[in-house]
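Trainee: Based on what follows, work out the 3D shape:
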Amino acid sequence: MTGIVLLVAVLVVALFASIAIGTRALGVGEVLDALQAGGWPHLRFTDFHGVPWVVLESPAAPPGAGDTYGIVWDLRFPRTVLGLAVGLAIGAAGALAQGHTRNPLADPGMLGVNAGAACAVVLGVYVLGIQSPIAYMAFGLIGALIAASAVFGLSALSGASPLTLILAGTGLSALLLAITSGIVLSDSVTLDAWRFWNVGATTGRGLDVFSASLPFIVLGLVLALGSGYFLNVLSLGDDMSKALGSRVVLIRCVGILTITLLVGAATAACGPIVFLGLVVPHIARAFTGPDYRWIVPYSALLGAVLVLVCDVLGRVIARPGEVQVGVVLALVGAPFLIALVRKRKLASV
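Mentor: Next up is the predicted model:
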């Protein structure tokens, strides 16, 4: 529990740093004044292509508000809360993916979620000409759900074992990647839109995208936090789990649904944030041991901290421009994982 409290404290610091630090330097006092002057974000009911929707909006600018107010509330606040949600989602999903496949090198992308989201976005741009981030969000989530359902369906034909899940996910990902590549290489407009989405970034997304992804991420996190005990049982092997009375197929089905909700919503909102779901559970195990009741919440919090910190680093190292968070995560995470592997054996899952 002490570790959770410390991680929450670090997360609070990372949240403030994400709002205070950017390509334009702002003083701490300026940031605090802007936050206090703004009031609280509020909900607004809207209509999205005939579907009733609830959107979180930044508070209206008070009279005489300067540029600092707009930078804090309109630019940095949306990407900060989106980075928080995406980090929590992918971190927890990474722990679930490794637990359900019993593979220390498993990543949520192995289940076809990223490839399904990318293919759906590309098809939406190519066929329907979608352009807005909220449209990318909708198509990406639908594609992720379809891909994960197909992977589990193919795997269920052979008993839904960890090995068949990985094989089905890898095969379907390759097929979807081929379709995506064929479309983007034949149409320059689609290629430009896909490149912007595929890099993995929190910038350029508003609170409407955050609002659209939040219900799926919250539901996924609730399911993930409740799955720790069942992952501990699955780690004993399918035969032992069945002997203890566990319904292995049902547990794995709920697990795949949870991963799909988390990674599908996060990927649809920000594009593929690669590598995070692979490295975070290993960091968590260094503190918690093999108990998934602790690995999952630790992974979620660590994922949020890493996304926010890497997003801040991306703004600082390339001023006045910035490096996207997906690129920084790969640059920071890859050496860390290599060092972790060299220092100690990967914990069994």
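Trainee: Need the CA coordinates for stretch 116-135. CSV is fine.
Mentor: C-alpha atoms of stretch 116-135 as CSV (Å, rounded to 0.1, in the frame of the first residue of the first chain):
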residue,chain,number,x,y,z
GLY,A,116,-7.6,-3.4,-36.0
ALA,A,117,-7.8,0.2,-34.9
ALA,A,118,-5.3,1.3,-37.5
CYS,A,119,-7.1,-0.6,-40.3
ALA,A,120,-10.5,0.8,-39.3
VAL,A,121,-9.1,4.4,-39.2
VAL,A,122,-7.5,4.0,-42.6
LEU,A,123,-10.7,2.5,-44.1
GLY,A,124,-12.6,5.4,-42.6
VAL,A,125,-10.3,8.0,-44.2
TYR,A,126,-10.2,6.2,-47.6
VAL,A,127,-13.8,5.3,-48.0
LEU,A,128,-15.7,8.0,-46.0
GLY,A,129,-13.1,10.8,-45.8
ILE,A,130,-13.2,11.2,-42.0
GLN,A,131,-10.9,14.0,-40.7
SER,A,132,-11.7,14.9,-37.1
PRO,A,133,-10.0,13.3,-34.1
ILE,A,134,-13.4,12.2,-32.7
ALA,A,135,-14.1,10.4,-35.9
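Trainee: Going by neighbour count, list what's buried in that stretch.
Mentor: Within stretch 116-135, the residues that count as buried by 16 or more other CB atoms under 10 Å are 116-126, 130, 133-135. For the C-beta atoms, the positions are set from N, CA and C on the backbone; glycine is no exception.
Trainee: for stretch 83-101, same thing?
Mentor: 83-101.
Trainee: ok, now stretch 163-182?
Mentor: Buried residues in stretch 163-182, counted by 16+ other CB under 10 Å: 164-170, 172-173, 176, 180.
Trainee: Check the offset of that stretch from the chain's centre.
Mentor: 20 Å (CA atoms, centre = their mean, to the nearest Å).
Trainee: ok, now stretch 101-117?
Mentor: For stretch 101-117, the distance to the chain centre is 12 Å (CA atoms, centre = their mean).
Trainee: can you check stretch 87-103 too?
Mentor: With CA atoms, centre = their mean, you get 11 Å for stretch 87-103.
Trainee: tell me the mean pLDDT for that stretch?
Mentor: Across stretch 87-103, the average pLDDT comes to 90.
Trainee: likewise stretch 317-327?
Mentor: For stretch 317-327, mean pLDDT rounds to 83.
Trainee: Which residues does it contact?
Mentor: For stretch 317-327, contacts defined as CB atoms under 8 Å, 6 or more residues apart in numbering pick out 23, 83, 199-203, 270-274, 307, 310-311, 313-315, 328.
Trainee: quick one on the thing from earlier: so which of the buried residues of stretch 83-101 belong to helices?
Mentor: Those of these mapping onto helices are 83-101, per DSSP state H.
Trainee: Run a quick neighbour tally on residue 215.
Mentor: Neighbourhood size, residue 215 [other CB atoms under 10 Å]: 12.
Trainee: Report all helices and strands that whichever strand or helix holds it contacts.
Mentor: Element membership for residue 215 (DSSP states H and E) is helix 207-225. Counting contacts by 3 or more CB pairs under 8 Å, 6 or more residues apart in numbering; DSSP states H and E, helix 207-225 packs against strand 51-57, helix 77-101, helix 133-156, helix 248-270, helix 292-316.
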